[in-house]
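> Okay, sequence plus prediction incoming.
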Amino acid sequence: MPLIRAENITKNYRVGDMEVPALKGVSFEIGEGAFAAFVGPSGSGKSTLLNLLGCLDHPTSGTLTVNGTDIATLSRSAAASFRGEHLGFIFQDFNLVPVLSVYENIEYPLLMVRGWSPEKRRERVLKVIDAVGMNEQAHKRPDQISGGQKQRVAVARALVGEPKLVLADEPTANLDHDTAYRILGLMKTMRDNFGTSFIFSTHDPKIMGEAELTFTLEDGRLVQEGGAA
């Protein structure tokens, strides 16, 4: 069974008295261990699709299954539980808490959604800090590290809860060329080491080139699907 199956997904938004379609009958499958990207121009529907996969919104119609659960039917509280159990998130602006250290930022999701002991939390946090090469910066705050290091922290934070799927919205947008490629390489290493699937929403040709599976969206429709070149 694929990790993700979308069947005829639609999403409409109300704008005043009008109903505006953002997704128009989108269907696709993504297997485990994926390194995939939704690509397309602004307004194509890719961010809407990422929000649906992240249980941050519900489709208007259709079936959307992630890890065997039809997330289109989840209540708000059930969706929150599902996010904490199965999903990680990476953002273009890092979204680190400025008053917390690197270590504390990575630990934060475990405090919010996991009933783990302090010892288990510490073991997991130290494992991912080491995996992303941020041991020496563990006690620094976000304003004391570089943009590339911030995104490394964001990758570690996304992985600390052992999710099946990490959703990344334009994660290289605020990084220079070389740093962006290093972060993409790090993500692939994390995929290989932890078995986590990564799905991107992006305009960035660097991500498109590194993705092993791409879905091109245009005006809310899936117009092309392709594997690695």
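Yes, it's here.
> shaky segments in this structure?
Low-confidence segments of the chain (pLDDT under 70): 114, 228-229.
> Run through the strands of it in chain order.
Taking DSSP state E as the test, the strands found in the chain are 4-15, 18-30, 35-39, 61-66, 69-70, 87-91, 165-169, 197-202, 213-218, 221-227.
> Contacts for the shortest one, please.
For strand 69-70, the surrounding residues in contact (C-beta atoms under 8 Å, 6 or more residues apart in numbering) are 63, 64, 82. C-beta: built from backbone N, CA, C; applies to glycine.
> Find the nearest non-adjacent residue to residue 55, please.
Spatial nearest neighbour of residue 55, excluding adjacent residues (C-beta to C-beta, 6 or more residues apart in numbering): residue 79 at 3.9 Å.
> Pull up the gap between that neighbour and residue 218, please.
28 Å (C-beta to C-beta, to the nearest Å).
> again with residue 74
29 Å.
> Who has more neighbours out of the two?
Neighbours around residue 74 and residue 218, counted as other C-beta atoms under 10 Å, are more numerous at residue 74. The numbers are 18 against 15.
> Quick one: residues contacting residue 186.
If you count contacts by C-beta under 8 Å, 6+ apart, residue 186 has them with 132, 152, 155.
> before we move on, the earlier item: please identify, among the contacts of strand 69-70, the one with the most neighbours.
Comparing those by number of neighbours (other C-beta under 10 Å), residue 64 comes first, having 23 neighbours.
> rewinding a little: pretty sure the residue nearest to residue 55 is in contact with residue 53, am I right?
No: assessed by C-beta atoms under 8 Å, residue 79 is found out of contact with residue 53, at 11.4 Å.
> Now for these two: what residues contact both?
With contacts taken as C-beta under 8 Å, 6+ apart, residue 79 and residue 53 have residue 71 as neighbours in common.
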